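J.: structure for this input, please:
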Amino acid sequence: MSLTLANRLFIALQHLIPQRWLSERMYRLARIQWRPLKTLIIHNFARIYQIDMRLAQEPDLDAYPSFNAFFTRALRPDARPLDPDPAAILCPVDGAISQIGTIDAGRLIQAKGHDYSVESLLGLAPGELHPFDGGRFATIYLSPRDYHRIHMPLNGRLDQMVHVPGQLFSVNGVTAAGVPDLFARNERLVCRFETEAGPMALILVGAIFVGGIETVWAGEITPPHSGLEPKRWDYEVDAQCIRLARGEEMGRFNLGSTVILLLPPGHAEWAPGLAPGAVVQLGQRLGTHAPAGASG
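T.: Sure thing, here's the model as predicted:
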């Protein structure tokens with residue numbers, strides 16, 4: 001993407017504004033339950049972004065107690081059918097593909113002319129090993145009009161969760177093209193699972209005005225947007241371990257952001273035709289996988 005003067009000014013402004021302060025104010029505004037204000041916000045948002053409430057489990061805009069409740073609304077059970085093939089890797093969200101491909105020499109493509117390391121994305125210590133070099137990655141951008149719950153691409157057992165503090169730049173195409181290492185600089189939540197295709201990581205990337213990231217097992221992780229060091233939770237493999245089925249909800253965003261899916265080498269292939277800009281929906285086939293014990 002060639003950056004215009006307006007694009008460059010937009011990026012420069014993001015370096016100057018108080019990102020955390022604005023995101024924390026948005027967090028509070030989104031949870032106000034005073035009827036006149038929350039009704040005004042919800043109705044205007046639905047009109048501007050042309051939200052199809054026929055897909056929602058609760059189609060009545062006035063039934064939502066706050067903007068956040070509306071924004072993270074559940075869909076009808078039949079709104080997003082899952083690909084029935086058990087070998088299919090499901091798309092975890094509604095959105096648009098920013099980038100998709102192979103992790104080459106430990107690096108992922110961010111935008112044309114920009115790449116970044118898996119090591120930095122996962123918040124690893126220098127030299128710390130990971131299982132994704134040579135594997136597959138998909139970066140999916142969620143716009144404000146999209147469904148904002150994140151679901152499992154595969155059956156998985158939760159191994160680890162890491163909250164990595166960082167900046168809160170916008171994650172749209174303009175910023176991705178103009179801010180080096182964007183996804184490794186922004187605040188993010190790294191969730192690592194063991195699946196039938198081997199290790200899998202789902203990275204929930206924060207952004208400006210994304211006042212909350214949460215998971216179904218731990219609740220809200222952000223805010224507060226505080227601390228300088230990553231915080232890590234390791235989950236034991238026992239009778240009480242956390243297992244989630246393919247298609248099951250694993251987390252959600254408050255306002256738009258990005259999800260990055262990582263898979264190991266030799267066990268996943270993306271479906272033909274998927275490319276940057278492609279619109280995708282929760283439950284559709286992103287690709288196929290072979291069992292982790294299979295060769296190839």
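
J.: in stretch 85-105, what counts as buried?
T.: Neighbour-count burial for stretch 85-105 flags 88-100, 103 (criterion: 16 or more other CB atoms under 10 Å). All C-beta spots, glycine's among them, are computed from the backbone N, C-alpha and C.

J.: end-to-end on it?
T.: 31 Å (CA to CA, to the nearest Å).

J.: report pLDDT for residue 217.
T.: Residue 217 is assigned 96 on the pLDDT scale.

J.: and residue 108, what element?
T.: strand 107-111 (DSSP states H and E).

J.: now that strand - C-alpha only, PDB.
T.: Provided in PDB are the C-alpha atoms of strand 107-111 (Å, rounded to 0.1, in the frame of the first residue of the first chain):
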ATOM      1  CA  ARG A 107       8.800 -14.300  10.200                       C
ATOM      2  CA  LEU A 108       5.300 -13.400   9.300                       C
ATOM      3  CA  ILE A 109       4.100 -10.900   6.600                       C
ATOM      4  CA  GLN A 110       2.400  -7.800   8.100                       C
ATOM      5  CA  ALA A 111       1.900  -5.800   4.900                       C
END
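
J.: contact partners of that strand?
T.: 1, 98-99, 101, 115-118, 121, 137, 139, 173, 176-177, 180-183, 260 (CB atoms under 8 Å, 6 or more residues apart in numbering).

J.: and the next helix-or-strand element following that strand, what other elements does it pack with?
T.: Heading C-terminal from strand 107-111, the first helix or strand you meet, by DSSP H and E, is strand 114-117. Strand 114-117 is packed against strand 107-111, helix 182-185, with contacts defined by 3 or more CB pairs under 8 Å, 6 or more residues apart in numbering; DSSP states H and E.

J.: what's the first helix or strand after strand 114-117?
T.: helix 118-121.

J.: I'd like the helices and strands packed on strand 114-117 laid out as TSV, including distance to residue 129 and mean pLDDT.
T.: Formatted as TSV, the helices and strands packed on strand 114-117 follow (distance: least, CB to CB, whole Å; pLDDT from 0 to 100):
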stretch	distance to residue 129	mean pLDDT
strand 107-111	16	89
helix 182-185	17	89
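
J.: mean neighbour count for the ones you listed - can I get that in JSON lines?
T.: Shown next, in JSON lines, are the helices and strands packed on strand 114-117 (neighbours: other CB atoms under 10 Å):
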{"stretch": "strand 107-111", "mean neighbour count": "20"}
{"stretch": "helix 182-185", "mean neighbour count": "22"}
